[in-house]
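>>> got a sequence here, can you model it:
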Amino acid sequence: MTIPARDIPDSVLSVSALQSLRRRAEDSRRLLDSLPAPLVCEMRPEDAQLLFHELRVHQIELELQNEELRRVQVELEVARERYFDLYDMAPVGYCTVNEEGLILEANLTAANLLGVSRSGLVKKPITRFMPRAQQALYQQCCQQVHALGQTQNCELQMLNANGAPVWIGLAANLAQGPEGVSTLRVMLKDISERKQLIGELQERNVELEHTRQVADKANRAKSDFLASMSHELRSPLNAILGFAQLMEIGTPAPTPAQKSAIDQILHGGWYLLDLVNEILDLAGIESGQLALTMGTESLAEVLQDCQIMIAPQAAASGIQISFPRFEQACLVFADRRRVKQVLINLLSNAIKYNRPQGTVEVAWSLHSPARVRVSVKDSGMGLTPGQLAQLFQPFNRLGQESGPHEGTGIGLVVSRRLVELMGGHMGVHSTPGEGSMFWFDLALAGSTP
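Predicted structure coming up:
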C-alpha cells in the first residue's frame, strides 16, 4: 500500500541518499580489502597511514549512517502506524479491489459496516456481499470508472453478516497497484437512515396527495350543492320580493303596521338574495364556471357609479367618504360589473366597521407602468396580525358573528378571487387602533395584449 508523502517525515525522504553514501563507503572498504598483501607491504609508511586513515573515516561514516538509518526506520514505522490508524478509523469504509473483483484490502469501518471481520472481507469477491439484483448496478459503475477514468458514484444495497440489506453510497475510482496493475478504490458509506427518511417522506406525500384529492372532491361536491341550492332559493325569493313590492305600492295603501311588516320582508328578502348571489359567485369561482366579460373600462366612471350607490349607506351611518378626482383618463382592462361589486363590498365594509363619524378615503395611483392600484382606507379599529391571517377565509367574520352588523364572511373572499380572475391582486394593510386600507391592482388597458 502506498503511503502518501505528506504523512512521512522529511528525514524518511533522505533514506535513499543515506543508502547511496553507505554503498560508496562499502565499495571503498571492499576496494581496500581486495588489495594484495604484498602491495600493502610495499607501500610507503605515509601511504599506508593515509590508506588506513581513509578506511577509518569510511568506518565512522558507516556507523553514522547505520545510526541514521535506524532512526529513520523508527520514524517510518511511526508514520506507517499513524497512516493505518487514520485508514482503519476513517468514518467511511475503504476497500481495494483488483481486476478480478477480489477485495485486496479493507479498513475496519468497512468490516464493521457489513458486520464481518476484516479477514472475512479480504480475498473475497465484493459482489458476494451484494444481492444479485444489485450486482449489475455495481458492474455498471465499475465499467464507467474504466471507461471515463473518473470517480463514479451509485447507491445500492449490500448484505451484512446476517443477510440483511444495508443501503450503501458507493464511490469508486482507479488506482495503480504494485507493478502498475490497476485496482479499484471503493468507498462505502451507510445511507440507510437517509433512505428510510426518504421512504417515509414519499409515503407521507402519497398520503397528503390522497387527502388532497379527497378534499378537492368534497369541495367540488360542496360547490355543486351550494350552486344547486342557491338556484333553488333564488326563484322563490324573487317571488317573495315581487309580491312584497306590490303590497307596498298597492291600493289602498298599507297601514303603518302593515308598512313596517312589508319593510321587514323586503329588508330580509334583499339581504337573503345578496347572500344567495354571493354563494353563487363563490361556487362558480371554485368550480371554474364563473364567466367574466373583460373589456376596456374607465376607472373614473366605475368609481362615480360606486359613489352614487354607496352614498345612502354612508349618510345613514354618518360616515364621510372622499373619492379621487381624475385629471386624465384611466382605462383598465376588467369586467365592469365585477369591479363595481368588489368596490361596493370594500366600501360597505369600511362603513360598517368604522368609528362613529369616521372617514373613508378612496384613492388610485399607478402602481407600475402597466398597473393601477385602487385603495379604500377607513378610520376603524384596525386588525391584529392574527385577524389578518384569517381575513380571506370563507364564512369567517373575525369575531363579529354576534355583532350588530349583518354579514356572511364571504364578501372579501369573493372580491379577492374576482380580482385574481381579472389578472390582479388584492391585499390589506392594517394597524390596530388606526384603521385599515384594502387595495387591489388591475392591468391598464394599454398594457393588455
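
>>> what about the stretch 1-150 of the chain, any weak spots by pLDDT?
1-43, 47-48, 51, 74, 78-87 (pLDDT under 70).

>>> Pro91: neighbouring residues, count only.
7 (other C-beta atoms under 10 Å). Quick note: C-beta positions are derived from backbone N, CA and C, even for glycine.

>>> secondary structure class for it?
Under the three-state scheme (DSSP: H, G, I helix; E, B strand; the rest coil), Pro91 adopts coil.

>>> that one and Leu108, how far apart?
11 Å (C-beta to C-beta, to the nearest Å).

>>> and the helices in the chain?
15-33, 37-42, 45-88, 108-114, 132-148, 192-248, 256-287, 299-317, 336-352, 385-389, 411-421 (DSSP state H).

>>> dump those helices to JSON lines, plus distance to Asn162 and mean neighbour count.
Formatted as JSON lines, the helices of the chain follow (distance: least, C-beta to C-beta, whole Å; neighbours: other C-beta atoms under 10 Å):
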{"stretch": "helix 15-33", "distance to Asn162": "47", "mean neighbour count": "13"}
{"stretch": "helix 37-42", "distance to Asn162": "77", "mean neighbour count": "9"}
{"stretch": "helix 45-88", "distance to Asn162": "23", "mean neighbour count": "13"}
{"stretch": "helix 108-114", "distance to Asn162": "10", "mean neighbour count": "19"}
{"stretch": "helix 132-148", "distance to Asn162": "17", "mean neighbour count": "14"}
{"stretch": "helix 192-248", "distance to Asn162": "14", "mean neighbour count": "12"}
{"stretch": "helix 256-287", "distance to Asn162": "55", "mean neighbour count": "16"}
{"stretch": "helix 299-317", "distance to Asn162": "76", "mean neighbour count": "15"}
{"stretch": "helix 336-352", "distance to Asn162": "68", "mean neighbour count": "21"}
{"stretch": "helix 385-389", "distance to Asn162": "53", "mean neighbour count": "12"}
{"stretch": "helix 411-421", "distance to Asn162": "59", "mean neighbour count": "21"}
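
>>> which strand is the longest one in the protein?
Using DSSP state E to define each element, the chain has its longest strand at strand 165-176.

>>> note down every partner strand of it and its orientation.
strand 152-159 (antiparallel), strand 182-190 (antiparallel) (DSSP bridges).

>>> just to revisit the earlier point, reformat the helices of the chain as a markdown table; add distance to Glu434.
Shown next, in a markdown table, are the helices of the chain (distance: least, C-beta to C-beta, whole Å):
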| stretch | distance to Glu434 |
| --- | --- |
| helix 15-33 | 85 |
| helix 37-42 | 119 |
| helix 45-88 | 67 |
| helix 108-114 | 65 |
| helix 132-148 | 65 |
| helix 192-248 | 37 |
| helix 256-287 | 29 |
| helix 299-317 | 19 |
| helix 336-352 | 14 |
| helix 385-389 | 14 |
| helix 411-421 | 20 |
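
>>> what about those helices, which gets the closest to Asp441?
helix 411-421 (7.6 Å; C-beta to C-beta).

>>> distance between the closest one and the chain's centre?
For helix 411-421, the distance from its own C-alpha centre to the chain's C-alpha centre is 29 Å (C-alpha atoms, centre = their mean, to the nearest Å).

>>> and that helix, what does it pack against?
helix 256-287, helix 336-352, strand 426-431, strand 435-443 (3 or more C-beta pairs under 8 Å, 6 or more residues apart in numbering; DSSP states H and E).
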